[in-house]
Each structure stands twice: as C-alpha cells, then as structure tokens.
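Visitor: Requesting a structural model of the entry that follows:
(chains A and B)
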Amino acid sequence: MSITLDQLTKRYQGVPVVNDVSLEIGDGEFFVLLGPSGSGKSTLLRAIAGLSGLDHGRIALHGRDVTHVSARRRGVGLVFQNYALFRHMTVAENIEFALRVRKVRAVERRQRRQELLRLVALDGLDERLPAQLSGGQQQRVAVARALAHKPEVLLLDEPFGALDAKIREGLRRTIREVQRELGITTILVTHDQEEAFAMADRIGVMNFGRLLESGRPEDLYTRPATRFVATFLGAANVLLARQGTDGPRWGAWPATPHGAAGTGREREVVAVVRPEEIEIAHSRDSLSCSNYLGHGVVEEVLFTGALEQARIRLEEAPDAPILAHASGDGAVFLEATRAQFEQRAFAISRGQSVAVGVRRAHVLPTPLSSFTICASNSSAAERLAGNPLLVDLSSRMRTRIRRHVDPMLGASAPGRDSTPSMPGTTVIAARPDVASDARWLLEHGVEEILILPEHAGSPQRVLIHWTDESARGATLAMSASVLRHLAAEAIYVDVLPEKTSAAERSFGIRALLDARSEARAAHGLEIRTEMRFGVAARALEQRLDESPGHMLIVGIASASQLTAELATLLAGPRWPVLLVRREREAPANSRSAA
Amino acid sequence: MRGGQPTVLPGFGLTLGFTTFFLSAVVLLPLAALVLLAASTPLHELLDAVASPRALASYQLSFGGALIAACTNLVFGFIIAWTLVRYEFPGRRLMDAVIDMPFALPTAVSGIALTAVFATNGWLGGYLDMVGIHVAYTRLGVILAMTLIGMPFAVRTLQPALLEVQRDLEDAAETLGAGRWYVFRRVIVPAVLPALLTGFTLAFARALGEYGSVIFISGNLPLKTEITPLLIVIHLEEFDYRGAAALGFVMLAASFVILLAINLLQAWGRNGSVRRDS
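Guide: Below is the predicted model of the structure:
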C-alpha cells in the first residue's frame, strides 16, 4: 500500500473535523476525495502532507510510519488551488526550488527542470515570471514544482478551482497523463463530482469529517450505501418505500394485524431512483415497467440536446411515499431524464398529467428511513417535532417526520387488535416513566425508538452498547446510519462484570476487536472501543456523566431486557437514547432490486 | 492618460496644470529659495557653518541615529506587522489602532511622554539608571524618540505586503523540503522586499526630520546630543539665516541622495525581474 491512514481524527474546538478516517490507497492509484466544503477533505489532505497535526491516528507512506515526521521530510508533492507559486522567482527557479533546498548541482537541476517542463507541456517558458503566465500555465508550473524532488505521493488540493471550464479540461488530461507516466500515487481533493468521475480510479466521499464510502466510480453511482453519496454523486430521487418480497413497492401502508408484529411486518426502506430510471407514460396501464410509483403533473421540461430533463410534481396521496426534498413546502418533485427514443414515443409538455413508474431502484442498506413522532397529544408532538436533534437529523437525511397522536400511549388497551402503523424510527419524549412507553412500543412491533429529552442537540460523542450479542449487527447498522448524519465520534463501550478473571478479560478484548472490525467491514463505520467493569447500566451512566454532549445507542434482544437499571438510563433530561431491538439478525437488504 | 472617456475630475490639462502649480508652490519654490539663500552665502561663511565641529557632530547624530532607528523599526515593525496579520487574538484590533498613535500625536507630546518615562526620576528611568543604562539626555534617548515616531511607517507599509504572502506559500515551501529559516529568507523576505525598502525609507526620513520629541529627551548638549534640526533653530534664534540655510541645504542634499539611492535600488530590483524574462 502506498498510503495507509489508520483512524485519523482531528478536532477543532472539540468538534471532529476529520473523524476516524481509515483508508488504504494502492501503488499508482489515482484516488479522489470528494465532499462538500467543510467536509474535512482538505484538512485530511493537509494532515497527509504533514501540514496539520492530528489528535489521533497513524499515517504510513509506502510502509513508513510518518505520523510524527515533519512536512519537509515526508516526501510528498502538494499542489494548491491558488497555485502558491513564488511570485518573485522565475518558472525555472520555482521548479528548481526543492532541488536547491537539497543542494542538487546546477547541471542536474537544469536537466530535471527541462524534463518536467516537457512533461507538463511548458517547454521554453523557463525564464518567465508567474505573473506573465495564464492561470492554467501557472498550475502546470505548480504541478512540475511539486514533482521536482520525485515525491512518493502527489496531493492535489482543488487544483482546478480557479480555472475556467476549457482550461480545466486540458489540465485534467495533462495531470492524468503525467500521473500515469510516472505511476505516482495521487490524491485529488474536489467538490466537483464530474471531476471526480473524470479522473478517479477510486472515489472516497466525505461528509461531516467522515469518510462515508469509497469505491470505483461506477460502483458508487449504481450501488451507493448512503443517502449522501446517492445524492452527491449525480442526481437521484430518494424515496421511501416498502420492502416487498421482490423489491421496493410504493403505496399506502396496509394495516398489520396484531400478533404478526415484528415478524411479518413490511419494513420501510430508502430507495434511490436515478432520473434515467424513471418512466413516464400517460396512464398506469401503458407503463412498460411493472413498478408503479404514482401520478403526477409535469412541472418543467428542459431540452438539453441528447437528453430531456423533466420535473414532475407527484400528486398528493394519503401517505405519499417520498422523502421531502430541500425545497420544503411539502410538494414532492421527481427528476427524470429521458433519451431521444423515449421522447419520440411519448412527448410531454408542461402541465400534462402523467403516470410515473420505476424501472430500477436501489435500496440503501440503512435501517434509518424516516421518523414517526409518537405522543399522547398534538402539542407534545409539536414540541418533539421542534427538537434540535430531530430537526438536524431529518433535514440532513432529507426525510419526513410523521406525527402519530395516541392518547392511550403506554396504556394496555385490550380493545385494540391492531398495531398502529408507525414506519421508520419512532420518536418519543423522555420522561421519568419513559421505559414503560418504550416497552409498550417494543411489544407492539416497533424496532427502533429514539427517546429525546427536551432541547437535546446534536451530540459530540455517541456511545454504543448492546446487552445481547444477537442485537450486535442491528445496533451497528443503526449506529452507522445515524452517525453519517452527525459530526460526532463513535465509541463502543463493552461492560464486563466487576470480578472478571484475567482469562475472561481477554475474551472481552476479543469482543471489542470483533465489534470494531464488523463495524468497519459491514457498515463502513469507524468506531473506537472502551472496556468498563461493573453493572452495565451503572457503568454506562458513569461514562455518560463524564462530559456533556453524549448520545447513547443501546441494542437489546427483546422488550424483557429493558431492566429497571436500564430504564433509569432512558429517563431524565440528560441525553438522547436510541433503542434498537432485534430478536434475530435482519435479512440483508442491501441488494438492488430489479 | 489622455482619452475621450469622461471622468469624475475635469480633464487632463486642468489636473496636470494644477498638479504642477501645487508642487511648485508648496514644494519646489521653498526648496529653491533655500538653495538660493545658501548659494548667496560667501564660501568661507558657508564652510564655517557647515563644517564646524558642532555641525559635524550633529550630522553624525542625526543621520546615524535615524539609520539605527530605521533599522530597529524594520526588525520590530516586521514582527509587529506579522503578529497583526497572521494571528487572531483578543485585543488585536485595539493593538492595530494603537500603532497609529505616534502618527496622530503632536511630536512635542511624544517628547514629554518619553521624558516622563525615561528621565532619571521617571517610571523606568530610575531603574534603568541603576543598571547603568542612561536614556534621558543621551544619544540613546535621541534614537529612542526617533524609533517611536518612525514605527507606524514601517508597520503600515509592511502590513498589506504581508497580507499578500499567503499561508499556502509557506506550506508549499515546507512540503518542498525547506526549513523555516530557508522559507523566511527565500520566500517571505523577497516577497515583501519592496515594502521593506519603502518602510525603511519612510521611517528613516521621518527620524531625520524629527524635532519636537527629540529636543525634550536629548538635553541638547552641544557636540553630544544635538541634532541638526536643532542646530538650525539655534542659528535662527541668533538671526543667522545664512548659517541656518547652509545647514538646511546639507540636509536637503543628503535627503535627496538617500531617496535617490533607495529609488535606484528598487528600480534595480524591478529591472532585475524584467530582464530575466527577455
């Protein structure tokens, strides 16, 4: 491996800006770090270059641990967005800078300089000053300068940001050619997904300081694992759906008969539908694909040459199966692109009513789909809907919050024979007797409960714990989903009994390592681990009390595991708690549906 | 530039005319009068005034002191400007405003203030005396006053230049293998060199011409702590206008030579870069 990053963490005023990033980049690979501004990608690059320190973690370049090696001895080449050329030096002096520092003889310097200028197609401009060159030429000089000392790794920080489109294209090609010719391992940082697709062997997508996913461009595009990657890489319609036996389905939720709770219940899932996978026809029967989504009105048609872009407003349905988009106001818009042959087969115009179908949908492997607030009266429900943490989460997930008002919440109601349908994660308010509410919901088929104290904000640290090994997979999956939307650190806390023998302790450590590797391998989540001794609930409470800004995620196997001790953790206005109940491992639902 | 484009101010002819008139009336004419007055003095009288031991001693102090003050300001002005540009700390804006105080203060006030602090019965003077450093009524005091009033010139010319030197430049140099001292010498200083020269010139010129604050702290001992402007005033008080003009002429000539030298130095620096790209 050329570059190995192991659990890099960098905090700024207590908030992690680079959050437990681990990554391996192979020899000669062109890796693109993609993310919005403020996602921590540039900080990560600077950390690799040795220009900013780390709070935690290890960096190795070609097997050499360089974590504590200064930037000048790391042997990396760095190219900046604003070129950062030395303006009082000629092109030649700029390129030879690294060689002069190393006291290389003049003859060799000249040779190397000419070689590099040829490589970046700037022969003969040796004696110019940077001010006499165009932006594109200056950036070429910067690339040549960064390569002069034959670095092992080339780092490019938004190198095309200040250039216009035409020049950008040419420079992209040059950089790619140079990179191939030298076979140098390269990391490029950008916020431009088109650029990432054009250049990358592999892309890593960052958000909130976390490396969400990495993979080949085509894999990330067709099979993203997270909402963020799905919407950041290309256009995507992110929809809530029911997971049927043969893929995602849309339409109202059927009532679940009581007793079938938790087992035969259809799960709510998040499906990604690319605009090119949307089919438009004038009625449901004339759709060629079988998966009917709904009816809508064409809001806008844009002709862009080969493709046509349409915006369709979906008609209001009792339970419209769609994530609210950033536009707000509740209206749901679908993006569709159609090729020429589709346009010829069925022409559409503004204001036309059409039927919409889905050819292919990809179901995200996240158990976190939407939120349903459950409260005994509507004012309590409103209060919960305004909770800062819930607002943060739902707006970042761009998902909906449903409200379910039930005055009988928590009371045993023998008269009722069916469970109210509460898809997604159920949200309830923290109160002294919240454990009984939770127990009731768990007994009635709810699998995830978010318990929110009033005014709970986004946490800085999320503690993860499960009381039963069978809940491990589900708890980690849920934790991974939640943490993708929070700038918080994840810590798994295992609690062993007070009088654990040394031999048993080693088993405990083994469990920690297993948890960590499962989190990374199955859910792409980097967690840290801690071991405590004593009664689980007590030990957790102590840990939670150590500093403010915690959230707790607890996995249990059944409602009966909600012991009195655990119940005290749930009550009170101290920290948000997410309860995850799973009696057995959920079936893998990450595969694409036809 | 002459052109058909209408601008806010009236045309080229008028503005150039006004510029010439203003420069003549305010700058050139008085200087010419000084030169004429000096030139009309008999040669032996002129030499007596210009080359007297007292005058020679005053040149030494005025020019030598101004040189030391300007150099001091260059070093500390750089550090102050660097701190203000590079770091964010509580009170930064206040500190930034305080820099301008010597600009705004009447120089006599600075002189009184300095004396209050550094005289043997002042706040610091007494303690400094105990360790053998005498500030008031010595050449050190003169240099101190010159440094004080020249400091804002150095800081204010360096600040914008340092703002231009972006962090990235240092980072780039560091990843290319350069150590701190190398970066400072080869990247930062060359980038701000024109501003350094300008700041130096301004601080030097200001120190050379300073009168008000110096006379309070210098004690004005002939041959020891007497600066040339003071000597001119002494001549004037004796109604010896010719002697005053002669000394004035020497200062004028010296200032002119120094300005010329620094301008040539800057032009040479610029030409150097232009020459290279031919």
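Visitor: what does chain A have sitting close to chain B?
Guide: A:46, A:49-51, A:70-74, A:76-78, A:80, A:82, A:84, A:86-90, A:97-98, A:101-102, A:127-129, A:132, A:142, A:145-146, A:148-149 (CB under 8 Å from any CB of the partner chain). (C-beta placed from N, C-alpha, C; glycine too.)
Visitor: Which members of those residues are positioned in strands?
Guide: Among the residues of chain A next to chain B, DSSP state E puts A:Val76, A:Gly77, A:Leu78 in strands.
Visitor: Any residues of chain B in contact with chain A? List them.
Guide: Residues of chain B lying near chain A (CB under 8 Å from any CB): B:166, B:168-169, B:171-179, B:182, B:186-187, B:190-191, B:193, B:273, B:276-278.
Visitor: State the number of residues packed around the nearest residue to A:Val141 once chain neighbours are set aside.
Guide: Using CB to CB, 6 or more residues apart in numbering or on different chains and skipping the chain neighbours, the partner closest in space to A:Val141 is A:Val91 (5.3 Å). Around A:Val91 there are 27 other residues, counting by other CB atoms under 10 Å in any protein chain shown.
Visitor: which other helices and strands contact the helix or strand harbouring A:Ser436?
Guide: In the assignment (DSSP states H and E), A:Ser436 maps to helix A:434-443. In terms of contacts (3 or more CB pairs under 8 Å, 6 or more residues apart in numbering or on different chains; DSSP states H and E), helix A:434-443 is packed against strand A:425-429, strand A:448-452, helix A:564-570, strand A:577-581.
Visitor: again, 10 Å this time
Guide: Secondary-structure packing of helix A:434-443 (3 or more CB pairs under 10 Å, 6 or more residues apart in numbering or on different chains; DSSP states H and E): strand A:371-375, strand A:425-429, strand A:448-452, helix A:564-570, strand A:577-581.
Visitor: Pull out the CA atoms of it and give them to me as PDB.
Guide: Output of helix A:434-443 as PDB, limited to C-alpha atoms (Å, rounded to 0.1, in the frame of the first residue of the first chain):
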ATOM      1  CA  VAL A 434     -40.500   6.600  29.600                       C
ATOM      2  CA  ALA A 435     -39.400   3.000  29.900                       C
ATOM      3  CA  SER A 436     -43.000   1.800  30.100                       C
ATOM      4  CA  ASP A 437     -43.800   3.700  26.900                       C
ATOM      5  CA  ALA A 438     -40.800   2.100  25.200                       C
ATOM      6  CA  ARG A 439     -41.800  -1.400  26.500                       C
ATOM      7  CA  TRP A 440     -45.300  -1.000  25.100                       C
ATOM      8  CA  LEU A 441     -44.000   0.100  21.700                       C
ATOM      9  CA  LEU A 442     -41.500  -2.700  21.600                       C
ATOM     10  CA  GLU A 443     -44.200  -5.200  22.400                       C
END
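Visitor: wait, isn't A:Phe31 in contact with A:Ile187?
Guide: Yes. A:Phe31 lies in contact with A:Ile187 (CB atoms under 10 Å); the separation is 5.0 Å.
Visitor: Quick check: neighbours shared by the two?
Guide: A:Ser2, A:Ile3, A:Leu23, A:Ile25, A:Gly204 (CB atoms under 10 Å, 6 or more residues apart in numbering or on different chains).
Visitor: low-scoring pLDDT stretches of the chain, where are they?
Guide: Using chain A. Scanning chain A for pLDDT under 70 picks out A:251-266, A:316-330, A:408-421, A:572-573, A:583-594.
Visitor: hm, I was asking about chain B
Guide: In chain B (pLDDT under 70), the answer is B:1-7, B:9, B:269-278.
Visitor: Could you identify the buried members of the residues of chain B next to chain A?
Guide: Buried members of the residues of chain B next to chain A, scored by 16 or more other CB atoms under 10 Å in any protein chain shown, are B:168-169, B:171-178, B:182, B:186-187, B:190-191.
Visitor: Just the residues you listed: which are in strands?
Guide: Short answer: these have none in strands (DSSP E).
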